[in-house]
Every structure is written in structure tokens, then in C-alpha cells.
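1. got a structure for you, letters missing:
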């Protein structure tokens, strides 16, 4: 597991949680006591894991957990009393927050941290793949616009326009999208 930052938000029990986290989530552990401070810290840096020990000094912790789960790519784990877990489970899990009940069983805690981090890593892979596909899609739109201009101004077929772009890309040793941009620049005013 790569070293990554962990944000620990706890008004109490910080030392015990740090002790449990250290062997399973190596890396820097940033500790804060309240939700407002956690939001400020989370906005300024990327965290692999956010662990919230509810209740906090300034709110219950559920709002913070949901907020951070929606705004960041961090795995978010919320520690709550057993009697509250069923009340908040739907809202928390819909937002992607993992819940661990108190009193905490160390083995369950470790499993939850590992599942959370594994899920985050998988999400980051999908996010990266999605970004690549979006980039490819944007490039295809540019190439298609260039083809349309070639068809319109040179009175050629779509296949011929495709060949013109491919040939120019090979002859100039430039990517097809760059050639397409040049075509767009030359025909558009």
C-alpha cells in the first residue's frame, strides 16, 4: 500500500485511533478536533483516508462525513455509537461513507480501513480511465469538425477528408488532433 495522508477528525480518542491506524495506513496522519477545521484542512490537501470519530466538538460528524465523501476522493469512515448506526446508515452509505460502530473491534476497524482504501484506489483507476476517455472524446470532436470543414470547403467525401488528415499527420509527424486544430484555424475566421 502506498503511503498516503490520513485525516483524523476526533474530539477524543485520538491516541488510540492513531495507534490502530499506524500499521495499516502508513503515512502522515493529520489530526484535527472539529468539523470546521477538518473542512479547511481537507480543502487544502488530498487525503487517501478520512477517519471521523463522532461526535465532534462542533457537529455530529455525519454532515462532515457526507460532505467530504461527496467533495473528495478520500475513503471516509465514520465511527459512531452502535445505537446511532442504524439511524444514519442510509444517508451515510448513500454518500459512500463507511460506518464502524463503537465500541470498536480492532479487527473490524482494520478491515474497514482496508476496504475503504481499496475502494478509493479502484475509484481513482476509474476516474483516470474516465478522464482519458473524455480527452479522447474531445479529440474526436475536433477531428470531426475538421473533417466537416474539409468536406464543406474542398467538396470531398468523409473518407477523403479522413485520409487528408491522416496523410498530413503522417507527413508532418504530428498527432491527428493537432493537424485537425490547424485545419480548424485555417478555415475558421
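-> Right, received. Where do you want to start? Given the structure is predicted, the values throughout are model-derived calculations rather than measurements. Numbering: from 1, shown residues only.
2. for stretch 54-67, buried residues please.
-> Under the neighbour-count criterion of 16 or more other C-beta atoms under 10 Å, stretch 54-67 has 54-56, 60-62, 64-67 buried. Placement of C-beta: from N, CA and C, glycine included.
3. contacts for it?
-> Applying C-beta atoms under 8 Å, 6 or more residues apart in numbering, the contact partners of stretch 54-67 are 9-11, 33-36, 38-39, 50, 52-53, 76, 78-81, 84, 88, 91-92, 95, 97.
4. mark which of those are buried, thanks.
-> Buried by 16+ other C-beta under 10 Å: 9-11, 33-35, 38-39, 50, 52-53, 76, 78-80, 84, 88, 92, 95, 97, out of the contacts of stretch 54-67.
5. picking that back up, which of the buried residues of stretch 54-67 lies closest to residue 43?
-> Nearest to residue 43 out of the buried residues of stretch 54-67 is residue 67 (C-beta to C-beta; 10.7 Å).
6. pLDDT at the closest one, what is it?
-> On the pLDDT scale, residue 67 is placed at 97.
7. distance check, it against residue 108.
-> The gap separating residue 67 from residue 108 is 25 Å, by C-beta to C-beta, to the nearest Å.
8. what segments of the protein are helices?
-> Ranges of helices in the chain, per DSSP state H, are 14-24, 35-44, 62-71, 82-95, 106-154, 158-172, 176-187.
9. list the contacts of the residue nearest the centre of the chain.
-> Among the residues of the chain, the one closest to the centroid is residue 73, at 3.5 Å (C-alpha atoms, centre = their mean). Contact analysis of residue 73 by C-beta under 8 Å, 6+ apart lists 46, 120, 123-124, 127.
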